[in-house]
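Peer 1: Fold the following, please.
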Amino acid sequence: MNFFSTIRASTIALALGVTGAVAQELPNTMIWTAYDVGSAGYAEASAIADAFGRHANTRIRIQPSGSGIGRLQPLLLGRADYGFLATETYFLSEGDYDYAVPEFGPQNLRAVAGRPASLSMVAAGDAGIETIADARGKRAAFVVGNPSINVKCEAVLAFGDLTLDDVEVVMFPTYAAAMSSMTRNEADFTCTTPTTSQLYELASSPRGIKWVPLDPNDQEGWAKLLDVLPIMGPFEEDIAAGLAPGEKVSMAAYRYPVIVTLADKSADEVYAFTKALDESFDLYKNATATMHRWDLNISGTPPIDVPFHEGAVRYLTEKGIWTDESEAWNQERIARLDALRAAWEEFLPANRDLPPEQFAAQWAEAKAALGQGSN
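Peer 2: Residues are numbered from 1 along each chain as shown. The predicted structure is shown next:
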């Protein structure tokens, strides 16, 4: 299902004045977590925080962190109200990777909204990769200890009926090193977002650049991709390194940043937050080249990392954004998360003292018995 391509084109009517109702419903102060200073997530959270202050006189402190755990812990401990997060949201909801440990496991998170962030396979222009299937036997740049990037590349490879065994995986110590590896002819392709700075260097290098498209009409390819990572959908991107003005590429999109809170957060408060996000939109929509994608017609629709919060759903329904299809997706995702949390409660007591690798492997087996997540 092409969730992103069916987004309504209508524009939300925005109220720019500070209303008494909004000022009374929103807390006077809030704490948000986000990526480090200098990141897109921090810049976007800052722009929205400034708009909230101007629109509703709400003071917001942003707590940055370079790690997923550092962004999530304040939220889980009740020390932060919302997080501007990335794919660690999905990983925590599933109890995957860093969260397949007794201290975490599946947590009951909810989304408010999430900006689509596009991603696809990008190759050196001379690597001979025109389709995903052409990556067979080529050198793939992966990042040590970065499952968020690596699992997305696994999903993109699956679109072309490939696995990691079909490519030559080259591990790099940092994200920057992986992204610049194609320019140095140390790799042939990777999977990433389209405006990564090192890709502009690749585009101007002798090797050139090639964005490998993900055909939105290839239902079989999308089914295979979503089997690996069921939080993405088709997206037409026109902002990318090497693209000529007016040119577009069919990519995948996940959500970054995704605004996340706890499931037991007051529905009235989340409703007020979602309303403020909408009504202050004109104050932040031009802060960066992609901020206009926070329009709730785009950011308030599935798929997303975790179920939408009931307070957000209430507001999205009032605005005519929430559809029967959205509700069906949300209920399926809630059922998945509830099943995971029930399985974790049964699994943990008998396995908490296992060595870490064995604990994670046993939990993976328990999860497999539940089947794949919502897509």
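Peer 1: Check the gap between E236 and A368 for me.
Peer 2: Distance of E236 to A368, given as C-beta to C-beta, to the nearest Å: 35 Å. C-beta here means a position set from N, CA and C on the backbone, and glycine is covered the same way.
Peer 1: those helices in the chain, which residues are they?
Peer 2: 20-25, 40-56, 68-76, 88-94, 147-159, 175-180, 197-203, 219-228, 267-279, 281-284, 296-299, 310-318, 324-351, 356-368 (DSSP state H).
Peer 1: Out of these, which gets the lowest mean score?
Peer 2: Mean pLDDT per stretch puts helix 20-25 lowest among those, at a mean of 47.
Peer 1: In stretch 327-345, which residues are buried?
Peer 2: The neighbour-count check on stretch 327-345 (16 or more other C-beta atoms under 10 Å) flags W329, N330, R333, I334, R336, L337, L340, R341, A343, W344 as buried.
Peer 1: For that stretch, what is the distance to the chain centroid?
Peer 2: With C-alpha atoms, centre = their mean, to the nearest Å as the basis, stretch 327-345 stands 19 Å off its chain's centre.
Peer 1: go on, stretch 238-255?
Peer 2: Worked out by C-alpha atoms, centre = their mean, stretch 238-255 lies 17 Å from the chain centre.
Peer 1: Same question for stretch 263-276.
Peer 2: 21 Å.
Peer 1: ranges for the strands of the stretch 1-150 of the chain?
Peer 2: Ranges of strands in the stretch 1-150 of the chain, per DSSP state E, counting those that start in this stretch, are 29-34, 59-64, 82-85, 109-124, 139-143.
Peer 1: Distance to G242 and mean neighbour count added to those, as JSON lines?
Peer 2: Putting the strands of the stretch 1-150 of the chain into JSON lines (distance: least, C-beta to C-beta, whole Å; neighbours: other C-beta atoms under 10 Å) gives the following:
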{"stretch": "strand 29-34", "distance to G242": "29", "mean neighbour count": "20"}
{"stretch": "strand 59-64", "distance to G242": "31", "mean neighbour count": "16"}
{"stretch": "strand 82-85", "distance to G242": "28", "mean neighbour count": "27"}
{"stretch": "strand 109-124", "distance to G242": "9", "mean neighbour count": "26"}
{"stretch": "strand 139-143", "distance to G242": "17", "mean neighbour count": "22"}
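Peer 1: So for W363, which of these sits nearest?
Peer 2: Counting by C-beta to C-beta, W363 lies closest to strand 109-124 out of those; the figure is 18.1 Å.
Peer 1: report the angle between the axes of that closest one and helix 310-318?
Peer 2: Using axes from the mean of the first three to the mean of the last three C-alpha atoms, to 10 degrees, the direction of strand 109-124 lies 80 degrees away from that of helix 310-318.
Peer 1: How far away from the center of its chain is strand 109-124?
Peer 2: 5 Å.
Peer 1: Show me what stretch 255-267 is in contact with.
Peer 2: Under the criterion C-beta atoms under 8 Å, 6 or more residues apart in numbering, residues 34-35, 40-41, 44-45, 75-76, 78, 81-87, 89, 108-117, 231, 270, 277, 299, 304-307, 309-311, 314 lie in contact with stretch 255-267.
Peer 1: go on, stretch 330-349?
Peer 2: 93-95, 102, 105-106, 108, 302, 306-308, 313, 362-363, 366-367, 369-370, 373-374.
Peer 1: can I assume T195 is in contact with L243?
Peer 2: No - in this structure T195 lies outside contact range of L243 using C-beta atoms under 8 Å: 10.0 Å.
Peer 1: Buried residues of stretch 93-109, list them for me.
Peer 2: Those would be 93-100, 102, 104-109, for stretch 93-109 by 16+ other C-beta under 10 Å.
Peer 1: The residue nearest the centre of the chain and E88: what is the separation?
Peer 2: The chain has R255 as the residue nearest its centroid, 2.9 Å off, counting by C-alpha atoms, centre = their mean. Look at R255 and E88: by C-beta to C-beta, they are 12 Å apart.
Peer 1: same check, this time on V151
Peer 2: Relative to E88, and taking C-beta to C-beta, V151 is found at 12 Å.
Peer 1: who's more crowded, the two?
Peer 2: Legend: neighbour count by other C-beta atoms under 10 Å for V151 and E88, higher for E88 (24 against 18).
Peer 1: residues contacting that one?
Peer 2: G68, I69, R71, L72, D98, Y99, S148.
Peer 1: my guess is the last one contacts A86, does it?
Peer 2: Yes - contact status for S148 versus A86: in contact at 6.2 Å, counting by C-beta under 8 Å.
Peer 1: got any residues that touch both of those two?
Peer 2: G68.
Peer 1: Who has more neighbours out of the two?
Peer 2: Ranked by neighbour count (other C-beta under 10 Å), S148 and A86 place A86 first, with 25 against 17.
Peer 1: pLDDT wise, what is the residue nearest to that one when sequence neighbours are not counted at?
Peer 2: Nearest non-adjacent residue to A86, counting by C-beta to C-beta, 6 or more residues apart in numbering: Y256, 4.7 Å away. Note for Y256: predicted pLDDT of 94.
Peer 1: Likewise for the one 10 residues further on?
Peer 2: As summarised for this prediction, S266 has a pLDDT of 95.
Peer 1: try V37
Peer 2: 86.
Peer 1: you'd agree it is up against G66?
Peer 2: No - the criterion here is C-beta under 8 Å, and V37 misses it with G66 at 9.7 Å.
Peer 1: Not counting stretch 159-179 itself, show me its contacts.
Peer 2: Counting by C-beta under 8 Å, 6+ apart, 131-144, 146, 149, 154, 157, 181, 186-187, 190, 192, 196-199, 214, 218, 221-222, 224-225 sit against stretch 159-179.
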